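K.L.:
predicted model, plus sequence, below.
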Amino acid sequence: MIEAASEVHLWSCMVDLSAASLHEAYEALSDDELERARRYRFPRDECRFVAARYFLRRTLAEYLSVGPRELSFTYGPFGKPMLPARLDGTRLEFNLSHSGEMVVLAIGRGPAVGVDVEQVIRVSELDAIASRFFSASEKAALNEVPAQARDFAFYCCWTRKEAFLKALGDGLAHPLDSFDVSLDEKSPRLIAVRSDREAPAGWTLTHFCPAPGYVGALAANAKVVRVVWRSRGRSEEDLVGGPADLRTP
């Protein structure tokens, strides 16, 4: 369980479920989640969504000592899911991200959190995408990265920006080029927010690699965050993004 307000648990799971486990996952989802699952065009994408939501429900349920299907979510104006506040006014904060076969979940009791994970594949139009979504300083930093490392640097930048926006929970109120993050693997940080000069001092960004071929980032609205790694289906020692590979400033 979470011991302090500054502690954030980071969970990972692969979503390649067996037929029996997938059936159990479908049974645990709410009607609206099942409706969302049916909108996917390809069965593989539907199964991944169902597995990710089941992972979310099962993990949160353990923190709250309830059954997975007993959880009830509310949604912010921009669609960010939340749990109802407890009687004492506190709330279990969480955020989920999935890409390819990987799902990552951040859970905390204090600061707002956002998490993003991406499967690292070659970006065929890297310069065009960076020009459209990255800030001027981020594009300049990316241009300085050696060609063989640019895809990885791109994903470091992208996941940090996505994690920060997801933690804010207000959608496109903050355009992707309205703030700057670092691209350096060893020094993840929020550098500047043009609408709020003081914002960077109040945020912590963490870089992680939950499995070979994946890059992720955690954003937490706190000056100090203790990240505790958790996983399902594998030992911590087997995780590329285990505790020794979590990067904070």
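P.N.:
Received, thanks. Everything numeric in this text was worked out from a predicted model, so none of it was measured. Numbers count the residues shown, from 1 in each chain.

K.L.:
in the chain, which helix or strand is least confident?
P.N.:
strand 74-75 (a mean of 87; mean pLDDT, DSSP states H and E).

K.L.:
what packs against that strand?
P.N.:
strand 81-82 (3 or more C-beta pairs under 8 Å, 6 or more residues apart in numbering; DSSP states H and E). Using the backbone N, CA and C atoms, a C-beta is placed for each residue, glycine as well.

K.L.:
tell me the mean pLDDT over the strand it packs on?
P.N.:
Averaging pLDDT along strand 81-82 yields 89.

K.L.:
ok, then the element right after that strand?
P.N.:
Using DSSP states H and E, the helix or strand that follows strand 81-82 in sequence is strand 93-99.

K.L.:
starting at the chain centroid, how far to that following strand?
P.N.:
4 Å (C-alpha atoms, centre = their mean, to the nearest Å).

K.L.:
give me the packing partners of that strand, helices and strands only.
P.N.:
For strand 93-99, the packing partners by 3+ C-beta pairs under 8 Å, 6+ apart come out as helix 43-64, strand 102-108, strand 113-119, helix 150-168.

K.L.:
quick one: which of those is nearest Lys80?
P.N.:
Ranking the helices and strands packed on strand 93-99 by proximity to Lys80 (C-beta to C-beta) places helix 150-168 first, at 7.1 Å.

K.L.:
contacts for the helix or strand just after the closest one, please.
P.N.:
Scanning forward in sequence from helix 150-168 by DSSP H and E, the next helix or strand is strand 179-181. Applying C-beta atoms under 8 Å, 6 or more residues apart in numbering, the external contacts of strand 179-181 come out as 135, 137-138, 157, 160-161, 164, 188-194, 199, 205.
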